[in-house]
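Asks: sharing a sequence plus its predicted fold:
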Protein chains: 2
Amino acid sequence: MEAKKKDVVIAGSGLVGSLLSIFLAKKGYKVKVFERRPDLRSTNSYQGRSINLALSDRGWRALKKIGIDQDIKKIAIPMYARMIHDVKGNLVAQPYGKNDQAIYSVSRLGINVALLELADKMPNVELLFDERCESIDFEKKEANFVNAITDRRTKENASLIFSADGAFSAGRLSKQLSSDRFEYQQFYINCAYKELAIPAGENGSFLMEKNALHIWPRGAFMMIALPNPDGSFTCTLFFPASGDFSFEELDTREKTKIFFEKYFNDALPLMPDYLDQFERNPVSSLVTVKCFPWIYKDSFSLIGDAAHAIVPFFGQGMNCGFEDCVVLDELIEEYQEKWDVILPEFEKLRKPDADAIADLAINNFNEMSDKTGDPKFLLQKKIEAKFSDKYPDKWIPAYSMVTFSPHIRYSEALANGKRQQGIMDEIMNTENIENIWDSEQIEEMILERI
Amino acid sequence: MEAKKKDVVIAGSGLVGSLLSIFLAKKGYKVKVFERRPDLRSTNSYQGRSINLALSDRGWRALKKIGIDQDIKKIAIPMYARMIHDVKGNLVAQPYGKNDQAIYSVSRLGINVALLELADKMPNVELLFDERCESIDFEKKEANFVNAITDRRTKENASLIFSADGAFSAGRLSKQLSSDRFEYQQFYINCAYKELAIPAGENGSFLMEKNALHIWPRGAFMMIALPNPDGSFTCTLFFPASGDFSFEELDTREKTKIFFEKYFNDALPLMPDYLDQFERNPVSSLVTVKCFPWIYKDSFSLIGDAAHAIVPFFGQGMNCGFEDCVVLDELIEEYQEKWDVILPEFEKLRKPDADAIADLAINNFNEMSDKTGDPKFLLQKKIEAKFSDKYPDKWIPAYSMVTFSPHIRYSEALANGKRQQGIMDEIMNTENIENIWDSEQIEEMILERI
């Protein structure tokens, strides 16, 4: 392959598309970004999904690399612990990691606007809105767009095309329809979600602990809440979509009231209008998407949710998409403009990691909704934390590997986590573990098994 | 729902679409069938996939129900056994079932033509060709077609729409694109295939045993051959698509010759032009498709490969599609025209069976390509056959349940087969089993474990 500067087309100016445009522009590429929605910066209502997201170390690493981590930190709220609300309203804080380790609540809109503004300032990035990607012709290196306002169709030719157009990507659909042997899977967990808001108190004060991710774990379902800079919290109720005990069944205000009073009673005084909100707000589904291949020769790749949509229970959707961009950027540095090497390497590195975080995210629902309320699980966490403090090179808890250790790949975190869980299963079966968990005997047992 | 006679649109006049049109017409429905290809009966070259297929009891049951089983029997060749060819050319026949039990080699074209002719004779069936289904609007009960010759677009409204348009169904794509929570999976096994022909001998004689399905089992790959009424055989080589030892690697006549001489030497004198054929014929992929839901309310269903494409190793693709039609027909008889009951019942009955045969078909590759050459496996079959002969109510071999027992659902066959395999694993681990397999002790052991 001849190595020279090239034109790039990116479909999608969401979190991953806008970040990718900045990375590529910094490397000297001429980038055109086509977004199907209006410009976020000029519209009042945000049409995307979640209002806030948990940014962690993989995401920070990407933002630092393009130099806006400090700007984002100003609008991010650190959450040092899970704050568990039991059915009686008792609170217990479970730290996420060591003292200074936190995940950060950020507004999806805020971070997307910051990325768009940075991209817009670069002379070699052009942003086009209301331009929906319809399909991609891989052979012709041509992306087809249709303007939502004028219905005008545009064909864009480019040496490199990226589909960063989300879980229902048009680029991915083109691969499905035009290529032999395209592996594709989309599936839904039975759990769906609905968002509810806890407003700010007087003068923008927080009505619950600000620096925590609140969880109401209820076994097969749960509610969570993340803080917003204005003092409000965004709650998300994760609950089965259909069946005997489900959103479908909560079809009257009376049933809904009984349900909330039984399971989330301590939250109700904080959101007096929850019944109105419940009626008004939609129920949304949680899809997982896996596919392969992501790329076409040296000229096309899926990236972000378009390649690997995951459920939100590990707080890694955005972080994983941002890490895609970092990995790609590192490959560009390593192989210069040899895209016939970069794209296959990108796919080879990222596919197993995307599969791993997809599985980790599904498994973490169980941890959040069920185990965080289980004393045995909390004891295990305590044993792990103590051991990890003493032997930080020998043991990093699974959650920390994913969240605070961007140098560990998701696929390694999944494998190590399984190995560690095997060891902890043995430890937790030790007789009288409740009383001897702090002993040298237990420490020795773990050391022997590593 | 009001019960009255209705208009039906079927997309696809392949094996399942044409059979379905007959079943529905017999029930008094007015049926329009749209087929994207030209009329099979007026074109010389058949554009479909396999040239011949194995028809077994589930398929016969459907053909009997519409009264053309005797006509088809005239063009079908019974295969009573697998004829195993080892690398030295030694032959061993392995019966498929009891004496009179056979699967039947039929020409895909022949059976499709027979079904089309029967459909065409019915006053309430209209067949339209060169009409490709583009999409379906489920709310509007509208199917969109485009004519391949004139490019004219047609919108067809009907109370009932069926997508019988195969593994890459437009109706299924419409479900994927328009419905929330649509579960979809398409995946490929690494094995691909290429067809080769063994011509007839003098005066249409058969150059190998006529009444058998020939297998050259070679572990990770195999060749099979089915007889055609004109004396020829159609061979299919199943071989990895890519990798070190694959179609990709056989890229010269010399390499291909070495490969065939090593593994299929006894077949080469029967097809002197195999190298030309190998160069000329395409490599095709083997997809499995699983999806859910199949239906939309009381007005739409996927059926056949459109709902559940499977790999061919159990010879059940056509049989399963035909069984779909029988099950639907029985439900119409049971619930009259209450389609708001019929379609959900159809889906509920058939989805687990389609999933089961998909898994059985993938597993059977291993049985055909590897185990048919394994003495231990053959001994197991002998023990099972003997026991089944003596206790036909207690034991039906897994292959027979699928192939010769249409009253046993695929999902039951899968479950029973797993249970029986567990028992046989124990039996085969019995010391000295090679010598005592025929003993009362073994019979007792099986009886105890059932």
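Replies: Received the coordinates, thanks. Numbering: from 1, shown residues only, chains lettered A, B, ... in the order given.
Asks: what does the stretch 151-300 of chain A put close to chain B?
Replies: The interface of the stretch 151-300 of chain A toward chain B, taken as Cβ under 8 Å from any Cβ of the partner chain, is made up of A:173, A:176-177, A:180-188, A:241, A:285. (C-beta placed from N, C-alpha, C; glycine too.)
Asks: keep only those of those that are in helices.
Replies: Per DSSP state H, helices hold the following members of these: A:173, A:176-177.
Asks: now those residues in TSV, with neighbour count?
Replies: Below are those laid out as TSV (neighbours: other Cβ atoms under 10 Å in any protein chain shown):
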residue	neighbour count
A:Leu173	21
A:Gln176	18
A:Leu177	11
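Asks: adding pLDDT, write the residues you listed out as JSON lines.
Replies: Formatted as JSON lines, those follow (pLDDT from 0 to 100):
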{"residue": "A:Leu173", "pLDDT": "97"}
{"residue": "A:Gln176", "pLDDT": "96"}
{"residue": "A:Leu177", "pLDDT": "95"}
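Asks: which among those residues gets closest to B:Glu249?
Replies: Proximity of those to B:Glu249 (Cβ to Cβ) peaks at A:Gln176, which lies at 27.6 Å.
Asks: hmm, A:Phe182 and that closest one touching each other?
Replies: Yes: A:Gln176 lies in contact with A:Phe182 (Cβ atoms under 8 Å); the separation is 5.5 Å.
Asks: mutual contacts of these two, please.
Replies: Common neighbours of A:Gln176 and A:Phe182, counting by Cβ atoms under 8 Å, 6 or more residues apart in numbering or on different chains, are A:291, B:186.
Asks: okay, now A:Ile189: neighbour count?
Replies: Number of residues near A:Ile189 (other Cβ atoms under 10 Å in any protein chain shown) recorded here: 17.
Asks: three-state assignment of A:Arg82?
Replies: strand (DSSP: H, G, I helix; E, B strand; the rest coil).
Asks: any chance of the ones in helices among the residues of the stretch 151-300 of chain A next to chain B in JSON lines, plus distance to A:Glu334?
Replies: Below are these laid out as JSON lines (distance: Cβ to Cβ, whole Å):
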{"residue": "A:Leu173", "distance to A:Glu334": "31"}
{"residue": "A:Gln176", "distance to A:Glu334": "31"}
{"residue": "A:Leu177", "distance to A:Glu334": "33"}
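Asks: find the nearest non-adjacent residue to the one residue sitting closest to the centre of chain A, please.
Replies: Nearest to the geometric centre of chain A sits A:Gly317, at 2.0 Å (Cα atoms, centre = their mean). Excluding the flanking residues, the one nearest A:Gly317 by Cβ to Cβ, 6 or more residues apart in numbering or on different chains is A:Ile310, at 5.6 Å.
Asks: how far away is that neighbour from B:Lys27?
Replies: Using Cβ to Cβ, to the nearest Å, A:Ile310 is found at 46 Å from B:Lys27.
Asks: when these two are compared, which one has more neighbours?
Replies: Using other Cβ under 10 Å as the criterion, A:Ile310 and B:Lys27 rank with A:Ile310 on top: 25 against 17.
Asks: before we move on, what SS does the more buried one have?
Replies: Following three-state DSSP, A:Ile310 is assigned to coil.
Asks: that one touches A:Gly321, doesn't it?
Replies: No: taking Cβ under 8 Å as the definition, A:Ile310 is not a contact partner of A:Gly321, at 9.7 Å.
Asks: immediately after the host helix or strand of A:Lys194, which helix or strand?
Replies: Element membership for A:Lys194, per DSSP states H and E: strand A:191-198. Scanning forward in sequence from strand A:191-198 by DSSP H and E, the next helix or strand is strand A:212-217.
Asks: I would like the residues contacting the helix or strand following that next one, please.
Replies: The element immediately downstream of strand A:212-217 (helix or strand, assigned by DSSP H and E) is strand A:222-227. Residues outside strand A:222-227 that contact it (Cβ under 8 Å, 6+ apart): A:52, A:54, A:77, A:79, A:105, A:198, A:206, A:208, A:210-216, A:233-238, A:263-264, A:267, A:368-369.
Asks: let's see 7 Å
Replies: A:52, A:54, A:77, A:105, A:198, A:206, A:210, A:213-216, A:233-238, A:264, A:368-369 (Cβ atoms under 7 Å, 6 or more residues apart in numbering or on different chains).
Asks: burial measure for A:Asp393, as a count.
Replies: A:Asp393 has 6 nearby residues by other Cβ under 10 Å.
Asks: equivalent analysis for A:Phe313, please.
Replies: 23.
Asks: now A:Gly243: phi and psi?
Replies: phi 120, psi -170 (degrees, to the nearest 10).
Asks: and A:Ser232, what does it touch?
Replies: Counting by Cβ under 7 Å, 6+ apart, A:Ser232 touches A:197-200.
Asks: distance of A:Val402 from chain B?
Replies: For A:Val402, the distance to chain B equals 26 Å [Cβ to the nearest Cβ, to the nearest Å].
Asks: what's the local residue count around that residue?
Replies: Using other Cβ under 10 Å, A:Val402 is surrounded by 28 other residues.
Asks: that one in helix, strand or coil?
Replies: Three-state call for A:Val402 (three-state DSSP): helix.
Asks: pLDDT at it, what is it?
Replies: A:Val402 is assigned 97 on the pLDDT scale.
Asks: my guess is it meets A:Phe314, correct?
Replies: Yes: between A:Val402 and A:Phe314 there is a contact under Cβ atoms under 7 Å: 6.1 Å.
Asks: identify the contacts common to those two.
Replies: Joint contacts of A:Val402 and A:Phe314 (Cβ under 7 Å, 6+ apart) are A:Leu360.
Asks: picking up where we left off before, out of the contacts of strand A:222-227, which end up buried?
Replies: Neighbour counting with 16 or more other Cβ atoms under 10 Å in any protein chain shown marks A:52, A:54, A:77, A:105, A:198, A:206, A:210, A:213-216, A:233-238, A:264, A:368-369 as buried within these.
Asks: quick revisit: nearest to B:Ala361, of the ones in helices among the residues of the stretch 151-300 of chain A next to chain B?
Replies: Checking these one by one against B:Ala361 (Cβ to Cβ), the nearest turns out to be A:Gln176, at 22.3 Å.
Asks: what residues are up against that closest one?
Replies: Contacts for A:Gln176 (Cβ under 7 Å, 6+ apart) come out as A:182, A:184.
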